[in-house]
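Participant: No letters, just coordinates:
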């Protein structure tokens, strides 16, 4: 029998986690798995790109209607997911991000359904700075979720795994490190599907929020223009988010508003990335950002802050042979970031070697097919560990008490 897999996400918007869930739904071996999707919000550009055989379920907001009570929506989501697990006879659940794990973990525990959960960013920064209500209790619930013997926890990098083990007091041996994939051929194809007449720019791609560091990129761009007198090069920021008004105001205060373009969310940013002088990653913290790997696949230079040990290891390349794959600066150091932007234009031979090595690295280390096969093995092993009752399809002990927030 095929393994009935439920892929869970908040939505199918254009973020890296949503894209990888879509890649899994599209590419998983149909001879072994029957994938379905559960969303908290039925929206997102990947909805229309799903294969026809993938059934999509979503949270029914009417289940949480009535007078506001803290935790009402969460309990309704868990309750609905429990019902779905039974109705569809799900064998294993997959989720990404801690927000989704808070919903899947209690539902799976009560129904004795095994679960694979992915941690995408270091929780000591991501969870702490998310401003979660009832953070103390949610942290305890997540620690319990990741310790669950019927679950498997995946981290997108060794640094994220180490951070999660310390933050949640987990046994690090139970965390599998599986780096994010890049569909190199698809990225390269999409990069040819739009006009790239805006060539000659620096590019920043990411949600417009504090942790992504766009403020640092604006300050560095202002320094770059002062140092070079370059009045032709633009800075293009791709993404939506709450910091848009402040960033627009800062660009005016720095005197660079005439050369800064806020493009909002783009379904296909790859033509802009391919045509860019460099991808700038000014983040305060990260896991291993997919956008960096995608830029490397497009042979676009990458200049990043030291926002992640995993990212540092990738861009440093083989230090013994001085084969770095990009440039690194300290977090928040906009003068040094500006210097690297200047050096990019003066050290063309060195950067030519870097982008070739970076392209080769992504091809060999982050291919989509190896990631899919590894994920299939993890999901199959997790599903096989279930001790469900053969008559009901679920453990007889499936009515555990509710975790309340």
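Facilitator: Here it is on my side, so go on. Quantities reported herein were computed from a predicted structural model and do not represent experimental measurements. Residues are numbered from 1 along each chain as shown.

Participant: which residue ranges form the strands in the protein?
Facilitator: 3-9, 33-39, 55-58, 92-96, 115-119, 151-155, 175-177, 201-205, 234-238, 260-264, 278-281, 302-305, 327-329 (DSSP state E).

Participant: do you know which of the ones you listed lies nearest residue 344?
Facilitator: strand 278-281 (5.6 Å; Cβ to Cβ). For every residue, glycine as well, the C-beta is placed using N, CA and C.

Participant: And residue 288, how far from residue 170?
Facilitator: Using Cβ to Cβ, to the nearest Å, we find residue 288 at a distance of 19 Å from residue 170.

Participant: out of these two, which sits in the more crowded spot?
Facilitator: Using other Cβ atoms under 10 Å as the criterion, residue 288 and residue 170 rank with residue 288 on top: 24 against 18.

Participant: Hmm, the more buried one is touching residue 308, no?
Facilitator: Yes: here residue 288 reaches residue 308: they are 6.4 Å apart, a contact under Cβ atoms under 8 Å.

Participant: which neighbours do these two share?
Facilitator: residue 157 (Cβ atoms under 8 Å, 6 or more residues apart in numbering).

Participant: returning to that earlier point: can you list the strands of the chain in TSV and add mean neighbour count and mean pLDDT?
Facilitator: TSV is the format used below for the strands of the chain (neighbours: other Cβ atoms under 10 Å; pLDDT from 0 to 100):
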stretch	mean neighbour count	mean pLDDT
strand 3-9	23	98
strand 33-39	22	98
strand 55-58	15	97
strand 92-96	27	97
strand 115-119	25	97
strand 151-155	24	96
strand 175-177	17	96
strand 201-205	24	97
strand 234-238	22	97
strand 260-264	17	96
strand 278-281	26	98
strand 302-305	26	97
strand 327-329	21	96
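
Participant: Make TSV out of these and add distance to residue 248.
Facilitator: Converted to TSV, those look like this (distance: least, Cβ to Cβ, whole Å):
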stretch	distance to residue 248
strand 3-9	30
strand 33-39	32
strand 55-58	34
strand 92-96	31
strand 115-119	33
strand 151-155	36
strand 175-177	39
strand 201-205	14
strand 234-238	10
strand 260-264	7
strand 278-281	18
strand 302-305	22
strand 327-329	24
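
Participant: Now do the buried residues in the worst-scoring helix or strand of the chain on mean pLDDT.
Facilitator: Using mean pLDDT, DSSP states H and E, helix 123-129 stands out as the lowest-scoring helix or strand of the chain, at a mean of 88. For helix 123-129, a neighbour-count test (16 or more other Cβ atoms under 10 Å) marks 123, 125, 126, 127 as buried.

Participant: Leaving out the residues flanking it, which one is nearest to the last one?
Facilitator: Yep, that's residue 127 we're talking about. residue 98 (6.0 Å; Cβ to Cβ, 6 or more residues apart in numbering).

Participant: could you list every residue that touches that neighbour?
Facilitator: With contact taken as Cβ under 8 Å, 6+ apart, residue 98 is in contact with 119, 123, 126, 127, 138, 142.

Participant: farthest pair in the residues you listed?
Facilitator: Of all pairs drawn from these, the greatest distance, 14.1 Å, lies between 119 and 138 (Cβ to Cβ).

Participant: What residues does the spatially closest residue to residue 51 that is not a sequence neighbour make contact with?
Facilitator: Excluding the flanking residues, the one nearest residue 51 by Cβ to Cβ, 6+ apart is residue 26, at 5.7 Å. Counting by Cβ under 8 Å, 6+ apart, residue 26 touches 49, 50, 51.

Participant: and those residues, which are buried?
Facilitator: residue 50.

Participant: quick one: low-confidence parts of the chain?
Facilitator: For the chain, applying pLDDT under 70 flags the ranges 62-68, 195-199, 318-322, 386-405.

Participant: quick check: domain ranges of it?
Facilitator: As given by automatic domain parsing, the domain ranges for the chain are 3-180+368-384, 184-365.

Participant: Residue 41: how many residues sit nearby?
Facilitator: Other residues within reach of residue 41, judged by other Cβ under 10 Å, total 13.

Participant: Is it correct that it is in contact with residue 10?
Facilitator: Yes: if you go by Cβ under 8 Å, residue 41 and residue 10 touch, sitting 6.2 Å apart.

Participant: circling back: just curious, which of the contacts of residue 26 is nearest to residue 357?
Facilitator: residue 49 (32.0 Å).

Participant: contacting residues for the closest one?
Facilitator: Residue 49 sits next to 22, 26 when contact means Cβ under 8 Å, 6+ apart.

Participant: Please apply the same query to residue 331.
Facilitator: 213, 283, 284, 285, 305, 306, 307.

Participant: Need the buried ones from these selected in ChimeraX.
Facilitator: Only the buried entries of these go into this ChimeraX selection, using 16+ other Cβ under 10 Å:
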select :213,283,284,285,305,307
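
Participant: Which pair of the contacts of residue 331 spans the longest distance?
Facilitator: 213 and 306, at 11.6 Å, using Cβ to Cβ across those.
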